[in-house]
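K.L.:
Pasted the sequence and its predicted model underneath.
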Amino acid sequence: MKFEPKTLDFTLSPYTGATRQTWIEAGKYLLENAFRSIRHFDDPVVLPRYEDEITYPNKNTPAWKVQAEYFEGLTRTLFIAGPLMAIEPDLTICGYLLRDYYKAQILRAVTPGDPNYVRTYTEMQAQFGAGDPFATYQQTVETCALVICLEMCHEQIWDTYTKEEKDRIAAFLSDYAGNPTVPQNWRLFNMLDYAFLWKNGYEIDRDIMRDHAQAILGYYSGDGWYRDGRGFDYYSCWAFNLYTPIWNNWYGYENEPYLAQRFEENSNELMKTYTKWFDRDGFTNMWGRSGIYRFAATSPIAGNFMLKNPTADPGLARRIASGSLLQFLTRDDFLYEGVPTLGFYRPFLPLVQGYSCAESPYWMGKAFSCLTLPENHPFWTAKEQNGIWEEIGEKESVITTLDGPGLCMTNHGANGITELRTGKVLAPKNDRHTMWNYSKLAFNTKFPWESASSEEVESQQYVMIDTPTGTTHRCNATFWSGMRDEVLYRRQFFSYDAETEACWLTAMNLADIAVPYGLIRADKLRTCRGPLRLTLGAYGFPDNGTEMEEKQCGDFRAVILKGSDHTGRPIQLAMTIFDGWKELKNLHQKDVNPDSENSILVYAETSRSRVYAYEKYFLISQVLTKNSLEDFTEEELFPLTGIEYTDPEACGGYGPVKLVFRDGTVKTVDFDGIEGKLVM
């Protein structure tokens, strides 16, 4: 059953109708569906699931992690319950007085001998550490969620414990805070555990706190983004840029003013561009790991308002937060037996990681931190604004390029869609899962990334097939060069590994140009191997009854798909090939699309017959998308009137290549100098 808001105000919120009361209703909707599976007051928050091969607990799960699921369900649903209890202290869900239920479950989680006890770090090490002095455990993550939520509903739960009970909880938290953690966003978990303890009168190790905090600041890359482990994704937002404002308020402003000031500056820097990540409807892009957290991507905007000097626009902030919330909750495939699916929309296992369990999606509850802002806060009282979408021209595309994290957002006025292009990506060369999350050539808010049923074709990815052996190679590394004259330059390597010199690796020099409904690609193949075949897929297209049409203009060819997504919204996609490609094909697939069971992938294909031959180096194509069935015009499908090469053979082996558009515009693609500017 999808969420149907009872309270809407289109005067205050002309885009979504959503108000503070709508958010309260949404929180209750999520909790009521979850609590239907909790049969008895003593039962932990363990919820239904339909999969037991990827997520934990499964047959390979160590004993200590079985208990971690109890803790995860407890703390992550508390992200929603916490602010609701602060607003309605007597809130009852499915017959349970929430403050009594969570008070009891928290205490049970830290009480030795209780069936729901999740063990301290020290006990975990003694029983499961196997001599690894730096072992880490899922419980560290959840201690941080616990302290955030305890502070949200301080009066309803924390203040009602006896001193002995508080001391028991504090000792549990202190043991995790002072012990090893994962050296990336996890350091924030230890910081907030300590900050909560300090705020509530307990002694902490200030040296450990300071060491974690300086390390977190050291991950900062610019433009408001932090590098998290291998690269960049929403963890920079729903972890770094939510937790640092909380830490500032609890501890940093008073005890570490320099670090607190830097964290505040970084949050405000993020606010300069972060709202452009979302599309005209406020939709969140499916990109990076942990996509099951969905609208948690809006939480750093609420986090900004927790700072002393926030710079976020409150009307725009609420519009985006509400748009993203409704993106998911209003779908009829969002829940499985009352629980958010292990997917982005419907159940979609290609998205899911082994560190997740059925309760993990409630990390999205971080977005409900906006309910900790007072009822009279501008976040709730300002009229909804829609930022760049109120200013953008009908056929204008606004491009925002962030060299720090290697990210580029394009807001298309023609279709209201935001496309994301990424760089600074490195995945293991056989890890297709990570490549789907990070290595797509572009990510689209209305056409979320599709996995693959074929070894030889991928959506928004090049696949190279070594013809003699049949071996497939995918681009697992993306180096960033940046924007020059409205052309974004990157390089992707096929089957990249650090042990092989780059010149022995096949690569694609990437150059893409925004057009009103999408992107034109003018990419150059760089290879020392052959013969080979290459494929390039468009976005995956949900197939709920699709019309397919082919068109031609001179040597240029296009395939157009018209249909609807799972919700019945009209959608359309077109792929055009201009040069370097031999043909356009399509592939019908099943269970590889996050929106619908069936899908169609349009793709281009070409081949090279020799190792060393002066053949076509440039591969020029275009993918357009829109949210209507109104025909693309011939000018949109075939915007080029000519392609001018420097070399007389017109292969693009050397020199600039000029793309001549119908309106007289000329875009020059020139890879000279890219070698010296590539960064990871």
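P.N.:
Here it is on my side, so go on.

K.L.:
Give the buried residues for stretch 397-408.
P.N.:
For stretch 397-408, burial by neighbour count (16 or more other C-beta atoms under 10 Å) applies to 397-408. (Each C-beta comes from the backbone N, C-alpha and C, glycine too.)

K.L.:
What lies in contact with that stretch?
P.N.:
221-223, 225, 227, 232, 236, 273, 276, 388, 392, 409-414, 420-425, 478, 480, 482-483, 486, 488, 514-516, 679 (C-beta atoms under 8 Å, 6 or more residues apart in numbering).

K.L.:
run the last query once more with 7 Å
P.N.:
Here stretch 397-408 makes contact (C-beta atoms under 7 Å, 6 or more residues apart in numbering) with 221-223, 225, 232, 273, 276, 388, 392, 409-413, 420-424, 480, 482-483, 488, 514, 516.

K.L.:
quick one: the helices in the stretch 351-500 of the chain?
P.N.:
378-381, 432-438 (DSSP state H, counting those that start in this stretch).

K.L.:
Ok, which of these comes nearest residue 467?
P.N.:
helix 432-438 (21.1 Å; C-beta to C-beta).

K.L.:
doesn't residue 115 make contact with residue 70?
P.N.:
No. Judged on C-beta atoms under 7 Å, residue 70 makes no contact with residue 115 at a distance of 8.9 Å.

K.L.:
Looking at the two, which one has more neighbours?
P.N.:
residue 70 (23 against 9; other C-beta atoms under 10 Å).

K.L.:
So the more buried one, which state does it fall into?
P.N.:
helix (DSSP: H, G, I helix; E, B strand; the rest coil).

K.L.:
Buried deepest among the helices of the stretch 351-500 of the chain, which one?
P.N.:
helix 432-438 (a mean of 22; mean count of other C-beta atoms under 10 Å).

K.L.:
Counting by contacts, list what that one packs against.
P.N.:
Applying 3 or more C-beta pairs under 7 Å, 6 or more residues apart in numbering; DSSP states H and E, we find helix 432-438 packed against strand 471-484.

K.L.:
For the strand it packs on, buried residues please.
P.N.:
472-482, 484.

K.L.:
Residue 426 against residue 230, yeah?
P.N.:
Yes. Counting by C-beta under 7 Å, residue 426 touches residue 230, with 5.8 Å between them.

K.L.:
Rebuild the buried residues of stretch 397-408 as CSV, extending it with pLDDT and distance to residue 82.
P.N.:
Listed next are the buried residues of stretch 397-408 as CSV, based on pLDDT from 0 to 100; distance: C-beta to C-beta, whole Å:
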residue, pLDDT, distance to residue 82
397, 97, 41
398, 98, 37
399, 98, 39
400, 98, 34
401, 98, 38
402, 98, 33
403, 97, 38
404, 97, 33
405, 98, 31
406, 98, 35
407, 98, 32
408, 98, 36
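
K.L.:
The stretch 201-350 of the chain: strands as residue ranges?
P.N.:
For the stretch 201-350 of the chain, strands defined by DSSP state E, counting those that start in this stretch occupy the ranges 220-222, 225-226, 335-336, 339-340.

K.L.:
nearest to residue 611, of the ones you listed?
P.N.:
strand 220-222 (39.2 Å).

K.L.:
Name the residues of that closest one that are buried.
P.N.:
Buried, per 16+ other C-beta under 10 Å, within strand 220-222: 220-221.

K.L.:
tell me which strands and helices it is in contact with?
P.N.:
Using 3+ C-beta pairs under 7 Å, 6+ apart, strand 220-222 sits against no helix or strand.

K.L.:
List the neighbouring strands of that strand plus their orientation.
P.N.:
Here strand 220-222 is paired, per DSSP bridges, with strand 225-226 (antiparallel).

K.L.:
which residues in the stretch 151-300 of the chain form helices?
P.N.:
Going by DSSP H, counting those that start in this stretch, the stretch 151-300 of the chain shows helices at 163-177, 187-199, 206-218, 235, 241-247, 253-255, 257-271, 299-304.

K.L.:
Need the contact partners of the third one.
P.N.:
The one in question is helix 206-218. 178, 187-188, 190-191, 194, 240, 256, 259, 262.

K.L.:
let's go with 10 Å and repeat that
P.N.:
177-179, 181, 183-195, 198, 205, 226-227, 239-240, 243-244, 247, 251-252, 255-256, 258-260, 262-263, 266 (C-beta atoms under 10 Å, 6 or more residues apart in numbering).

K.L.:
now that helix: mean pLDDT?
P.N.:
Helix 206-218 shows a mean pLDDT of 98.

K.L.:
Next, the angle helix 187-199 makes with it.
P.N.:
Here helix 206-218 runs at an angle of 140 degrees relative to helix 187-199 (axes from the mean of the first three to the mean of the last three C-alpha atoms, to 10 degrees).

K.L.:
Which of the residues in helix 206-218 are classified as buried?
P.N.:
Result for helix 206-218 [16+ other C-beta under 10 Å]: buried residues 208-209, 212-213, 216-217.

K.L.:
Quick check: of those, which lies closest to residue 570?
P.N.:
Closest to residue 570, out of all of the buried residues of helix 206-218 and judged by C-beta to C-beta, is residue 216, at 44.7 Å.

K.L.:
Would you mind measuring the gap between the ends of stretch 119-139?
P.N.:
End-to-end span of stretch 119-139 (C-alpha to C-alpha, to the nearest Å): 9 Å.

K.L.:
Please apply the same query to stretch 147-166.
P.N.:
Start-to-end, stretch 147-166 (C-alpha to C-alpha) is 12 Å.

K.L.:
I'd like the buried residues of stretch 397-408 as JSON lines, with distance to residue 492 appended.
P.N.:
Below are these laid out as JSON lines (distance: C-beta to C-beta, whole Å):
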{"residue": "397", "distance to residue 492": "23"}
{"residue": "398", "distance to residue 492": "25"}
{"residue": "399", "distance to residue 492": "20"}
{"residue": "400", "distance to residue 492": "22"}
{"residue": "401", "distance to residue 492": "18"}
{"residue": "402", "distance to residue 492": "19"}
{"residue": "403", "distance to residue 492": "18"}
{"residue": "404", "distance to residue 492": "20"}
{"residue": "405", "distance to residue 492": "17"}
{"residue": "406", "distance to residue 492": "12"}
{"residue": "407", "distance to residue 492": "15"}
{"residue": "408", "distance to residue 492": "15"}
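
K.L.:
Strands - which of those residues land there?
P.N.:
397-402, 407-408 (DSSP state E).

K.L.:
Same list, those residues, but as a markdown table with distance to residue 583 please.
P.N.:
Shown next, in a markdown table, are these (distance: C-beta to C-beta, whole Å):
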| residue | distance to residue 583 |
| --- | --- |
| 397 | 29 |
| 398 | 34 |
| 399 | 31 |
| 400 | 35 |
| 401 | 33 |
| 402 | 36 |
| 407 | 33 |
| 408 | 30 |
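
K.L.:
from those, which is closest to residue 172?
P.N.:
Lowest distance from residue 172 to those (C-beta to C-beta) belongs to residue 407, with 38.5 Å.

K.L.:
Any idea what that closest one is bridged to?
P.N.:
The partner residues for residue 407, given DSSP bridges, come to residue 402, residue 422.

K.L.:
For residue 356, find the nearest of the helices of the stretch 151-300 of the chain.
P.N.:
helix 235 (14.0 Å).

K.L.:
helices or strands up against the closest one?
P.N.:
Contact partners of helix 235 among helices and strands, from 3 or more C-beta pairs under 10 Å, 6 or more residues apart in numbering; DSSP states H and E: none.

K.L.:
Give me the contact list for it.
P.N.:
Under C-beta under 10 Å, 6+ apart, the answer for helix 235 is 184-185, 188, 226-229, 241, 288-290, 293, 296.

K.L.:
got a list of what the residue at minimal distance from the centre of the chain touches?
P.N.:
The centroid of the chain falls nearest to residue 287 when counting by C-alpha atoms, centre = their mean (3.9 Å). Contact analysis of residue 287 by C-beta under 10 Å, 6+ apart lists 232-234, 277, 297, 407, 420, 422, 437-438, 440, 442-445, 448-449.
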